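Enquirer: This is the structure alone, sequence omitted:
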């Protein structure tokens, strides 16, 4: 990368934070370490740290050693949509355990979300998602039938469903995400390893293709001690979104 | 408003939805009603309804009567920040009950969020927020002392703290919101009227002034049956944010 030294230092720190090399909560390398690493004077190092502090990626200051506060300023559409892609970008290992894939008639609620007639066939997948083998999220995803039928020829335990569908020409281009909280039911409890009734962070997502037609509707439930959603907004700039993860323990 | 008829019809429907005149879950006026109201042919009316469907503001179709699905495509910074402003924009009545306002030394966690030294004085407000007299959210807000001290001269039950502070030159310009889920504690339970341990939607917010310095840090807990947060994103456009409300019962 070209550009002024302070920008190169800042970019390298952002990369190390976003890949998980510097996890959230850990100390940022000290000014002395950075000046040595870059063979730089304190000026550019301080400028880089000030930039990251302004972005909210690091906290501390006023004599306290700065620590990593969050992983990303904003995540692109694909990363925000795909669990596998997001986890790999963190430098972690995504995992999945498919518990069920079924063709069923759409309920009234699902028909409304997917612009189908009630009773039209849909394909439903119940899948546990893991980060470094820790159960982190349980997804209940419903696909419109022409897309969902592709999954019967796919090993859903092999990785990203989105990557598989994209390779077959299913292009998701917009999504709406509704965030709220829900009490864990018996299935959530068993698979996520939490008590029945424990609070879970729920994301209900409706994703549409390039033609605007709905392709999938999902109810994803996250362990809130591991995952949160971050939104940044301001008077002047466009909002930024990120899904955050922190390691258990 | 000028412009093609179908755009004027769509804009009017957006206005009626965003003000709560057409609440979420209610039927959209029929094609016949709209053609009569606008003295229009079916073409522009259908174009307007198609536009709102593509934006996700209305659902249904395929012979089913369309219903209002959500209130806003995106909310401006101020509306997303201020509970009072948001509720008034819904056409509802915001309320507040201040339970405590206190000057205290900052804990280590708050000092880090507000870029203060641990033990520096901060002002904390515990306030119950209501929509049409229904307890909806409990906020635990911590202000840096030079801002918080202004609140000792203010009746926090009289309305928006943000409007009061803005009138005194406190200009909030950026905010970071972390969304997750949390179990209701005894205070949440008593004030929000939910069981201890019930899932609540939590928003932790850090808002900064025009100079980038932190002004407040808040832990806001919402009844998830009443409020959710909506995020829209796509491959092409900037993300959009909204706080959604639906009436109890």
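Expert: Structure received. Note that the structure is a prediction, hence the values are computed from the model and not measured.
Enquirer: Distance of the most centrally placed residue in chain A relative to chain B?
Expert: The structure's chain A has its C-alpha centroid closest to residue A:243; by Cα atoms, centre = their mean the separation is 4.1 Å. Distance of residue A:243 to chain B, given as Cβ to the nearest Cβ, to the nearest Å: 10 Å. To be clear about C-beta, it is placed using only N, CA and C from the backbone, and glycine gets the same treatment.
Enquirer: Surely that residue and residue A:229 touch.
Expert: Yes: with contact defined as Cβ atoms under 8 Å, residue A:243 reaches residue A:229; the gap is 5.7 Å.
Enquirer: these two touch, right, residue A:23 and residue A:70?
Expert: No: judged on Cβ under 8 Å, residue A:23 makes no contact with residue A:70 at a distance of 10.7 Å.
Enquirer: Which one's more surrounded, those two?
Expert: residue A:70 (21 against 17; other Cβ atoms under 10 Å in any protein chain shown).
Enquirer: Give me the phi and psi for the residue nearest to the centre of chain A.
Expert: phi -100, psi 130 (degrees, to the nearest 10).
Enquirer: just for chain A, where's the confidence low?
Expert: For chain A, the stretches with pLDDT under 70 are A:1-2, A:55, A:61-64, A:71-74, A:236-237, A:247-249.
Enquirer: For the residue of it most remote from its centre, give me its contacts.
Expert: Centroid-distance maximum for chain A: residue A:41 at 36.9 Å, with Cα atoms, centre = their mean. Shown in contact with residue A:41 (Cβ atoms under 8 Å, 6 or more residues apart in numbering or on different chains): residue A:35.
Enquirer: Would you quantify the distance from it to chain B?
Expert: For residue A:41, the distance to chain B - Cβ to the nearest Cβ - is 24 Å.
Enquirer: same check, this time on residue A:160
Expert: 16 Å.
Enquirer: what number of residues lie near that residue?
Expert: Around residue A:160 there are 20 residues (other Cβ under 10 Å).
Enquirer: got the contact list for the residue nearest to it when sequence neighbours are not counted?
Expert: Spatial nearest neighbour of residue A:160, excluding adjacent residues (Cβ to Cβ, 6 or more residues apart in numbering or on different chains): residue A:84 at 3.7 Å. Residues near residue A:84 by Cβ under 8 Å, 6+ apart: A:94, A:96, A:159, A:160, A:162, A:163.
Enquirer: PyMOL command to pick out the buried ones of these?
Expert: Restricted to buried positions by 16 or more other Cβ atoms under 10 Å in any protein chain shown, the PyMOL selection for those reads:
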select buried, chain A and resi 94+96+159+160+162
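Enquirer: Mind putting the contacts of residue A:84 into TSV with secondary structure?
Expert: Output for the contacts of residue A:84, formatted as TSV (DSSP: H, G, I helix; E, B strand; the rest coil):
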residue	secondary structure
A:94	strand
A:96	strand
A:159	coil
A:160	coil
A:162	helix
A:163	helix
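Enquirer: and chain A, what are its domains?
Expert: A:5-68, A:77-245 (automatic domain parsing).
Enquirer: Now do the first one: distance from first to last residue.
Expert: Read that as domain A:5-68. 21 Å (Cα to Cα, to the nearest Å).
Enquirer: Could you do the last one as well?
Expert: Distance between the boundary residues of domain A:77-245 (Cα to Cα) amounts to 17 Å.
Enquirer: what about the strands in chain A?
Expert: A:58-61, A:64-68, A:94-105, A:121-131, A:134-144, A:172-183, A:199-209, A:214-222, A:227-234, A:240-245 (DSSP state E).
Enquirer: pretty sure residue A:37 contacts residue A:30?
Expert: No: look at residue A:37 against residue A:30 with Cβ under 8 Å: they stay out of range, at 10.3 Å.
Enquirer: who touches both of those two?
Expert: Joint contacts of residue A:37 and residue A:30 (Cβ under 8 Å, 6+ apart) do not exist.
Enquirer: residues contacting the closest residue to residue A:231 other than its chain neighbours?
Expert: Nearest residue to residue A:231, sequence neighbours excluded (Cβ to Cβ, 6+ apart): residue B:177, at 4.4 Å. Applying Cβ under 8 Å, 6+ apart, we find residue B:177 in contact with A:230, A:231, A:232, A:233, B:80, B:203, B:204, B:205, B:229.
Enquirer: 7 Å instead?
Expert: Applying Cβ atoms under 7 Å, 6 or more residues apart in numbering or on different chains, we find residue B:177 in contact with A:230, A:231, B:203, B:205.
Enquirer: what pairs with it across the strands?
Expert: residue A:231, residue B:205 (DSSP bridges).
Enquirer: And it, how close does it get to residue B:128?
Expert: According to Cβ to Cβ, to the nearest Å, residue B:177 stands 20 Å off from residue B:128.
Enquirer: again, but for residue A:226
Expert: Distance of residue A:226 to residue B:128, given as Cβ to Cβ: 30 Å.
Enquirer: Residue A:35 reaches residue A:42, doesn't it?
Expert: Yes: using Cβ atoms under 7 Å, residue A:35 is in contact with residue A:42, at 6.0 Å.
Enquirer: the more surrounded of those two?
Expert: Legend: neighbour count by other Cβ under 10 Å for residue A:35 and residue A:42, higher for residue A:35 (18 against 11).
Enquirer: got the contact list for the more buried one?
Expert: A:41, A:42, A:45.
Enquirer: How many residues are close by the last one?
Expert: Which is residue A:45. That count, for residue A:45 with other Cβ under 10 Å as the rule, works out to 24.
Enquirer: Residue numbers of chain A in contact with chain B?
Expert: Residues of chain A lying close to chain B (Cβ under 7 Å from any Cβ of the partner chain) are A:54, A:56, A:59-62, A:77, A:80, A:112, A:115, A:117, A:173-183, A:197-201, A:212, A:224, A:228-235, A:238-239, A:241.
Enquirer: Please pick the buried ones from those.
Expert: Here, 16+ other Cβ under 10 Å leaves A:56, A:59-60, A:77, A:80, A:112, A:115, A:173-183, A:197-201, A:224, A:228-234, A:239, A:241 buried among the residues of chain A next to chain B.
Enquirer: Could you count how many residues lie near the nearest residue to residue A:139 once chain neighbours are set aside?
Expert: The spatial neighbour of residue A:139 that comes closest, neighbours along the chain excluded (Cβ to Cβ, 6+ apart), is residue A:220 at 4.6 Å. By other Cβ under 10 Å, 20 other residues sit near residue A:220.
Enquirer: Residue A:192 too?
Expert: Neighbours of residue A:192 (other Cβ under 10 Å): 22.
Enquirer: Ok, residue A:100 next?
Expert: With other Cβ under 10 Å as criterion, residue A:100 counts 10.
Enquirer: if I pick it, what's in contact with it?
Expert: residue A:126.
Enquirer: switch to 8 Å and redo it
Expert: A:124, A:125, A:126.
Enquirer: neighbour-wise, which of the residues you listed leads?
Expert: Neighbour max across these (other Cβ under 10 Å) = residue A:125, 21 neighbours.
Enquirer: what are the bridge partners for it, then?
Expert: Residues in beta-bridge contact with residue A:125 (DSSP bridges): residue A:101, residue A:141.
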